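# sequence-free structure coming up:
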């Protein structure tokens, strides 16, 4: 080990093995990936809102006993 073996704050931990893998998995998404994430999130939120609305509007069954 050299004299600079102390970790730097905010730097990726250096194991010496597959450091590039850690960096690839923890870097920021590209603009295209961020847009895709945003679209998927909006679609999921809209789908959830629709299902919640349908559940609220669904009439409750009468005389149904719990199983």
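Here it is on my side, so go on. Computed from a predicted model, the values in this text were never measured in an experiment.

# And residue 56, which helix or strand is it part of?
helix 31-57 (DSSP states H and E).

# what's the pLDDT at residue 19?
Looking at residue 19, its pLDDT reads 70.

# same question, residue 3
Looking at residue 3, the pLDDT reads 53.

# same thing with residue 53?
pLDDT recorded at residue 53 is 96.

# And residue 47, by the same measure?
Predicted confidence (pLDDT) for residue 47: 98.

# Likewise for residue 30?
89.

# Look up how far residue 52 lies from it.
33 Å (CB to CB, to the nearest Å). In this view, the C-beta of every residue, glycine as well, is placed from N, C-alpha and C.

# again, but for residue 36
25 Å.

# repeat for residue 26
On the measure of CB to CB, residue 26 and residue 52 end up 34 Å apart.

# can you tell me which residues contact residue 33?
Residues near residue 33 by CB atoms under 8 Å, 6 or more residues apart in numbering: none.

# quick one: it and residue 61, what's the gap?
From residue 33 to residue 61 the distance is 45 Å (CB to CB).
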